[in-house]
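Q: Here's a sequence, model it:
(2 chains)
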There are 2 protein chains.
Amino acid sequence: MLEKLAAIVGASGILSSAADMAPFVEDWRGLSQGEALCVVLPATPEQAAEVVRLCARTGTPVLPQGGNTSLCGGAVPPSGGPRPVIVGLQRLRRIRAIDPVNDTITVDAGCVLATVQATAAEHGRLYAVSLGAEGSCQVGGTIATNAGGTGVLRYGNTRDNVLGLEVVLPDGTIWDGLTALRKNNTGYDLKHLFIGSEGTLGLITGAVLKLHPLPTARSVAWLSVAEPQAAIEALSLFRASCGSRLSAFEMINDSQAALVVKHVPGRRIPVTGGGWHVLVELADTGNEASLDAAMQAVLEDALDRGLVTDAVVGASEAQREALWAVRHGVSEANKKEGVSLTSDTAVPISAVPAFIASATAAVRAIIPGLTVLVVAHLGDGNVHFIPFFSFAAWEVLAEREAIVQRIRHAVDDAAMALGGTFSAEHGVGATHLPEMARYKPPVELAMMRAIKQAFDPSDLFNSGRLLPLRATAPTSASHS
Amino acid sequence: MLEKLAAIVGASGILSSAADMAPFVEDWRGLSQGEALCVVLPATPEQAAEVVRLCARTGTPVLPQGGNTSLCGGAVPPSGGPRPVIVGLQRLRRIRAIDPVNDTITVDAGCVLATVQATAAEHGRLYAVSLGAEGSCQVGGTIATNAGGTGVLRYGNTRDNVLGLEVVLPDGTIWDGLTALRKNNTGYDLKHLFIGSEGTLGLITGAVLKLHPLPTARSVAWLSVAEPQAAIEALSLFRASCGSRLSAFEMINDSQAALVVKHVPGRRIPVTGGGWHVLVELADTGNEASLDAAMQAVLEDALDRGLVTDAVVGASEAQREALWAVRHGVSEANKKEGVSLTSDTAVPISAVPAFIASATAAVRAIIPGLTVLVVAHLGDGNVHFIPFFSFAAWEVLAEREAIVQRIRHAVDDAAMALGGTFSAEHGVGATHLPEMARYKPPVELAMMRAIKQAFDPSDLFNSGRLLPLRATAPTSASHS
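A: Numbers count the residues shown, from 1 in each chain, chains lettered A, B, ... in the order given. Purely as a prediction, here's the structure:
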């Protein structure tokens, strides 16, 4: 098998020693590890297709892998079971074309996200998908997982920024769906089936992505509010007045803000008193002055209505950066203080206050007085609800595994009861298989399995991910 | 069968006389007609599911029907072959819920589009899908066909305005996918599979739709330009300066403008000289003055660069209406003058000038000097390219059917050569089955057939539509 693969991609395109494969078989947080037959690095879509055809003929599992930055263990092989061929996309990294008039860019799937953003910017355009791992994640991976990030409020998820795809199907056929059209009503939308399928339906090798005008100005404000309900009412005011200029509406609670100030040097909260904090950003193609005026007008309205207890607008780019720095300090602060059981919840925006209240009550019924941190992309209804343990509390926690599981279930149950989801932007991978089994209606799982069966009848592509086993639900790995 | 159906929906919910069924078996333009077993009008999703279960058990074909306003014969039964039960959705017309904070509305599929728009407006919100048939088409039909319309440039196609669906599957199971979330990454996106599937995968009974802030001001201008290339360069200026405020960018040629002036009373072209005409609209949540200023600034830039030969900005709401009235007069004018062989082409925006040039050359190679009218939603790359015959020329046209077919092929071939599509916003239905067979790559048809097989193995749902027969391509009905 290795010889045959080497004949397709060349000797330098195949890695099979344990040392060479190490970065491909362990996830980047070091939480899960598996075994692979080898790692193959095709240099062209045709080579990728030939590799897949060989695997199909020999019944060898295939694991497509981008930048290996999944937060759900979706990009590394399982341990035990037949070892897959990992197909790494890193050699497929050409910018194939950019069309500023059509506002599209055509890229290889292995392009690093930041490279695509930079190329677009050179042409005065924005590729609007932006997330923490953008310096190492690959475009193909962001598409396969329908990645979220900070651009969602204004520009949508990755799904909304893809116009066309090139995919190697499980039988090794290449589907050239690289259309650059904004309107095309000719049959089932196959592109949307592959987006978010996490490598279980095929191997994405290329994509046509939407571009936008590059915003030239922004206005950033920090608001103190008394409760989440006031924050969502302020959000409604901003949406009504500023429309799509509203590009961020992030909320954190006081406990979270305090941790950032405690642990991250130089961070300070500009206005306090309400107990909850909101960062608002407007962005546009005009100038700062008119954006600041729009911001000020809404803030005055919100203050008059008693929705906001205090607010400050960044008066310079340095001040705007300082406001964002508080928000961006969250992960660092929490890692220094203790252990976060972070959720990836989304609920309807109107249900966010009820979700926070009921999830807080539920986890405190398990551990009285438990600290809860809240970090919400409020404009998307996406709440990272964080039951939090200091290192000291964590060390002495009895029956830790069982308690963690109960806490996670309590949070997910609260979300699902309000029409929410247990995975808003991170996907399913391996981590959320138990939740798929627990929460997804059988009719929905049955449809997904029928699609999987239609595209990959031998279950060779990223087997064991995304779809839970048909029998009893797996219960391990639910809090890795 | 009729008795069993009546037992489910009541006697008043079933129509079986030829007279009663007439409006359901003939398409609204009177171009195609078929036969049905009966028309069933369920009053609840549960009744609809029971009807489908009965049909599944008895192997009876099912034809879901909304407002019957398809332009492609997709909503009426074929003539010949087994007669389907038409399931009409008109009794399913409740507004189930509206959530202004989450900016969503939940509706029965049988709600008329205009009713949904009006309900949203009562709450200060916009439902952004808008099209000519909105007074009679139903929301379920717009979803099943992924309808386009005038809101696409700013708000996307119907697909982009749907968050959740409720669907009766071909086996009679109800899938409750009525989620109101903006982020949800938990498996394959089933919603997108049903959107645009034209009733071939299931019966849509309910939907959660996205709402937007209601724009409070607009600015409208008429531009005279020398050629399509200048128009797309002006479009780039508008996009860069105005971003998502740009809500319409429509182009017509001089021949089309002249027909409107000739046939529609009171219409006049405010500025001429260039040979091509562009209507631009900006819309926003602010006031007219700032929008007009933004419009004026871009127009001055465009005049300086020589892209625009002359331009006028509507100074009042009456003047803005008058500018739109010219654009809206197109259909009436063309019907009065002769016969339009209208295409529903889309190409990348950058390819629009080349498409117009090559399609014009191609049709004039068939009929020298043939009049060509152009009506383009230029901002979407959607060009209605109209080879046009006066009534007199049409009457004396020899071998009319064959000539029409050659002309349509010539236009579609020109579009496909530039990465375009033969159906941008109207769908496939019955009319475009030959083009599906002619232009769709076999790998794409194979995937669609695999999906159809997985969801509707007995081929009961809207059989014979959307997907061409596997064998030789049908050649009739290509220019109905």
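Q: Could you check how many residues crowd around residue A:368?
A: 7 (other CB atoms under 10 Å in any protein chain shown). To be clear about C-beta, it is placed using only N, CA and C from the backbone, and glycine gets the same treatment.
Q: if I look at the closest residue to residue A:346 other than its chain neighbours, how far off is residue A:31?
A: Counting by CB to CB, 6 or more residues apart in numbering or on different chains, residue A:346 lies nearest to residue A:424, which is 3.6 Å off, once chain neighbours are set aside. Residue A:424 sits 20 Å away from residue A:31, going by CB to CB, to the nearest Å.
Q: the more surrounded of those two?
A: Ranked by neighbour count (other CB under 10 Å), residue A:424 and residue A:31 place residue A:424 first, with 28 against 15.
Q: I figured the more buried one hits residue B:179, correct?
A: No: Residue A:424 lies out of contact with residue B:179 (CB atoms under 8 Å); the separation is 11.4 Å.
Q: Tell me how far stretch A:450-468 lies from the chain's centre.
A: Centroid separation between stretch A:450-468 and its chain, computed with CA atoms, centre = their mean, to the nearest Å, is 22 Å.
Q: Quick check: end-to-end length of that stretch?
A: Stretch A:450-468 stretches 13 Å from its first residue to its last (CA to CA, to the nearest Å).
Q: for stretch A:103-118, same thing?
A: One end of stretch A:103-118 to the other measures 15 Å (CA to CA).
Q: buried residues in it?
A: For stretch A:103-118, the neighbour count (16 or more other CB atoms under 10 Å in any protein chain shown) marks A:103-113, A:115-117 as buried.
Q: Same check on stretch A:344-364?
A: A:344-356, A:358-360, A:362-363.
Q: now swap in stretch A:425-441 and tell me
A: Residues of stretch A:425-441 classed as buried: A:425-440 (neighbour count, 16+ other CB under 10 Å).
Q: Between which two of those is the distance greatest?
A: A:425 and A:437 (20.6 Å; CB to CB).
Q: For residue A:263, grab the count of nearby residues.
A: 16.
Q: now do the one 4 residues further on
A: With neighbours defined by other CB under 10 Å, the count for residue A:267 comes to 19.
Q: who's in contact with it?
A: Going by CB atoms under 8 Å, 6 or more residues apart in numbering or on different chains, residue A:267 touches A:260, A:261, A:325, A:326, A:329.
Q: Residue A:265 looks like it's in a helix, true?
A: No: applying DSSP: H, G, I helix; E, B strand; the rest coil, one finds residue A:265 to be coil, outside a helix.
Q: hmm, back to that, so which of the buried residues of stretch A:344-364 are in strands?
A: Judged by DSSP state E, strands contain the following of the buried residues of stretch A:344-364: A:345, A:346.
Q: The stretch 251-400 of chain A against chain B: which residues are in contact?
A: Near chain B, the residues belonging to the stretch 251-400 of chain A are A:284-286, A:290, A:294, A:346-351, A:380-382 when assessed by CB under 8 Å from any CB of the partner chain.
Q: hmm, 7 Å instead?
A: Counting by CB under 7 Å from any CB of the partner chain, the stretch 251-400 of chain A comes close to chain B at A:284, A:285, A:346, A:348, A:349, A:350, A:380, A:381, A:382.
Q: quick one: the closest residue to the second one other than its chain neighbours from residue B:288, how far?
A: Put plainly, it is residue A:285. Here the nearest residue to residue A:285 in space, its sequence neighbours aside, is residue B:243; by CB to CB, 6+ apart that works out to 4.7 Å. For residue B:243, the distance to residue B:288 equals 18 Å [CB to CB].
Q: now do residue A:114
A: Distance of residue A:114 to residue B:288, given as CB to CB: 41 Å.
Q: tell me the secondary structure for residue A:416?
A: helix.
Q: Tally up the residues packed near it, please.
A: Residues within reach of residue A:416, counting by other CB under 10 Å, total 16.
Q: before we move on, what about residue A:316?
A: Counted with other CB under 10 Å, residues neighbouring residue A:316 total 9.
Q: who's in contact with it?
A: If you count contacts by CB atoms under 7 Å, 6 or more residues apart in numbering or on different chains, residue A:316 has none.
Q: give me phi/psi at it?
A: Taking degrees, to the nearest 10, you get phi -150, psi 170 for the backbone angles of residue A:316.
Q: Settle it for me: which of residue B:243 and residue B:288 has more neighbours?
A: Set side by side, residue B:243 and residue B:288 show more neighbours around residue B:243, with 22 against 19, by other CB under 10 Å.
Q: So the more buried one belongs to a helix, correct?
A: Yes: assessed with three-state DSSP, residue B:243 lies in a helix.
Q: correct me, but it touches residue A:282?
A: No: using CB atoms under 7 Å, residue B:243 is not in contact with residue A:282; the gap is 11.9 Å.
Q: Residue A:392: neighbouring residues, count only.
A: 9.
Q: now swap in the one 3 residues further on and tell me
A: Residue A:395 is flanked by 11 other residues according to other CB under 10 Å.
Q: for residue A:312, same thing?
A: Neighbours of residue A:312 under the rule other CB under 10 Å: 15.
Q: can you pull the buried residues of the helix or strand where it lies?
A: Taking DSSP states H and E as the definition, one finds residue A:312 inside strand A:310-313. Buried residues in strand A:310-313, counted by 16+ other CB under 10 Å: A:311, A:313.
Q: So which elements touch that strand?
A: Under the contact definition 3 or more CB pairs under 7 Å, 6 or more residues apart in numbering or on different chains; DSSP states H and E, strand A:310-313 sits against strand A:217-225, helix A:288-304.
Q: Off-centre distance for it?
A: Relative to its parent chain, strand A:310-313 has a centroid offset of 30 Å by CA atoms, centre = their mean.
Q: That one pairs with which strands, parallel or anti?
A: Neighbouring strands of strand A:310-313 in its sheet, by DSSP bridges, are strand A:217-225 (antiparallel).
Q: what angle sits between the partner strand and helix A:288-304?
A: Interaxial angle of strand A:217-225 relative to helix A:288-304 (axes from the mean of the first three to the mean of the last three CA atoms, to 10 degrees): 20 degrees.
Q: for the record, mean pLDDT for strand A:217-225?
A: Mean pLDDT, strand A:217-225: 97.
Q: what's in contact with that strand?
A: Residues contacting strand A:217-225 (CB under 7 Å, 6+ apart): A:231, A:234, A:270-274, A:276-284, A:286-288, A:291-292, A:295, A:299, A:307-314, A:320, A:323-324.
Q: what's next to the helix or strand containing residue A:324, contact-wise?
A: Element membership for residue A:324, per DSSP H and E: helix A:317-328. Outside of helix A:317-328, the residues that reach it under the criterion CB under 7 Å, 6+ apart are A:218, A:220, A:222, A:250, A:260, A:267, A:269, A:270, A:279, A:314.
Q: now do 6 Å
A: By CB atoms under 6 Å, 6 or more residues apart in numbering or on different chains, the residues outside helix A:317-328 that reach it are A:220, A:222, A:250, A:260, A:267, A:279, A:314.
Q: That one to strand A:217-225, inter-axis angle?
A: Using the same axes, to 10 degrees, helix A:317-328 lies at 50 degrees relative to strand A:217-225.
Q: buried ones in stretch A:335-346?
A: With burial defined by 16+ other CB under 10 Å, the residues of stretch A:335-346 counted as buried are A:337, A:338, A:339, A:340, A:341, A:342, A:343, A:344, A:345, A:346.
Q: cool, stretch A:55-65 as well?
A: A:55, A:56, A:60, A:61, A:62, A:63, A:64, A:65.
Q: Which single one of these is nearest to chain B?
A: In terms of CB to the nearest CB, no member of those lies closer to chain B than residue A:56, at 14.6 Å.
Q: Look up how far residue B:470 lies from the closest one.
A: Distance, residue A:56 to residue B:470, using CB to CB: 23 Å.
Q: Could I get the pLDDT score of the residue nearest to residue A:285?
A: 89.
Q: Same check on residue A:80?
A: Residue A:80 carries a pLDDT value of 85.
Q: Look up how far chain B lies from residue A:459.
A: Distance, residue A:459 to chain B, using CB to the nearest CB, to the nearest Å: 15 Å.
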